[in-house]
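Novice: got a sequence here, can you model it:
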Amino acid sequence: MYPLTSGFHAASINSSIYGNASTCDYGTLDESKVKGKIVYCDGLAQDTTIKDLGGSGIIMTSDERNDVAFTFVLSAIILKSIDGTRINQYINSSKSSRAVIYKSTTSKMNAPFVASFSSRGPQSISPNILKPDIAAPGLSILAAYSQLASVTGYYDDNRFVKYNIISGTSMACPHVAASAAYVKSFHPHWSPAAIKSALITTATPMKIKGWDAELGSGSGQVNPTKALQPGLVYNLSNSDYIRFLCKEGYNGTTIRLLTGGKKLYNCSAFPPAVGTDGLNYPSFHLQLQNRNSTISAVFHRTVTNVATGGRSTYRAKVIGLAKSLDVKVVPRTLSFDQQQQKRSFKVMVRGRFAKENDQILSGWLEWSDSKHRVRSPILLYRSKY
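Specialist: Model prediction:
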């Protein structure tokens, strides 16, 4: 057991630095009152301050992001603020308060779910393109780590490891990039759009969803082995992207900034992109500009048969959308005689938000034959106000 104190009780009476001792701000504590003790600090990220003052450990509080692990420079624990209040009361009511921080233990939890810190949609640049596309493991990932830096990156931390527990986009992106490379190794002639389509339409839908639904997870958790045989893909050519950019309001000059080179594209030379989104994308998304507007959207799509074997027939099924919506897929059956054969269809969505407080209506379009299930999220969004 170690002596236990708080930032408030360890405050320096001679400090000339403006700050809050209760949150253990740098320069507000007295080293003699901290050394050898566990210190309770109201807030996060003051472990280096306690370390520099010779403290033995730190108790911190946070009511946010309780699903992510951090690495600290000394023994530490993060509690909810209500529990921190109890500890503070114990310190204030005892002349010799003591504590110990035990080694971490493992516990079972329901997964997968979207991390609290993960960015959500909707996006504002191209409002009718659903983002994010897909989810991947990025929370508390045990990953290779450079031994050129300490385990925390802190200058006085002499712990160097080959592996570390890390969270964030820097963990999720390698999973998706490796999945794309894996698919590419089996299908070297597939375009980036075809590989992306395969990953999106074969992802595993999230069983644990927040209010944001597919605005948090896209089509679900990436499944690279299933992506090897997606059945159908939503492919895109260079001209498809140019037509989409023209529809979005770009001109030859601004498009050239994206494509590079000297070629100047003339939007009038391309057939106009059609439909609500103007892109052959493996998801269907509409953002209402006015929350009181009725829903009316048409999505034009073309799929390419990449399945091995001979003939196949796919039938469409719409799953999970509210009864206040009328969704029609025309045609509802697509037949293929050979690989690389293309078939087009359109999805028409009409209706309204039935409940006043609803912001999201979501479901799925699934094309299936006897071997493949090609799933695409359908999501309709309106602002809260």
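
Novice: got the contact list for K371?
Specialist: With contact set as CB atoms under 8 Å, 6 or more residues apart in numbering, K371 has these partners: Q229, G231, A307, S312. C-beta coordinates here come from the backbone N, C-alpha and C atoms, glycine included.

Novice: quick check: the spatially most central residue of the chain vs T202, distance?
Specialist: When CA atoms, centre = their mean is applied to the chain, the residue found nearest the centroid is S118 (4.4 Å). Taking CB to CB, to the nearest Å as the criterion, S118 is separated from T202 by 21 Å.

Novice: any buried residues in the lengthiest helix in the chain, and which?
Specialist: Looking across the chain with DSSP state H, the single longest helix is helix 169-186. The neighbour-count criterion (16 or more other CB atoms under 10 Å) identifies M171, A172, H175, V176, S179, A180, V183 as the buried residues of helix 169-186.

Novice: sec struct for K317, please.
Specialist: Reducing the assignment to helix, strand or coil with DSSP: H, G, I helix; E, B strand; the rest coil, the entry for K317 is strand.

Novice: for the closest residue in space to it that isn't next to it in sequence, give me its contacts.
Specialist: Using CB to CB, 6 or more residues apart in numbering and skipping the chain neighbours, the partner closest in space to K317 is E366 (4.9 Å). Shown here is E366, whose contacts under the criterion CB under 8 Å, 6+ apart are A316, K317, V318, I319, R373, V374, R375, S376.

Novice: ok, 6 Å please
Specialist: Shown in contact with E366 (CB atoms under 6 Å, 6 or more residues apart in numbering): K317, R373, R375.

Novice: what helix or strand does it sit in?
Specialist: In the assignment (DSSP states H and E), E366 maps to strand 360-368.

Novice: name the residues of that strand that are buried.
Specialist: Neighbour counts over strand 360-368 (16+ other CB under 10 Å) mark I360, L361, S362, G363, W364, L365, E366, W367 as buried.

Novice: could I get those residues as TSV with distance to L4 and pLDDT?
Specialist: What follows is these, written out as TSV (distance: CB to CB, whole Å; pLDDT from 0 to 100):
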residue	distance to L4	pLDDT
I360	46	95
L361	52	95
S362	49	95
G363	53	95
W364	53	96
L365	58	98
E366	57	98
W367	62	98
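
Novice: name the nearest of those residues relative to A273.
Specialist: In terms of CB to CB, no member of these lies closer to A273 than L365, at 20.0 Å.

Novice: no further queries at this time; thank you.
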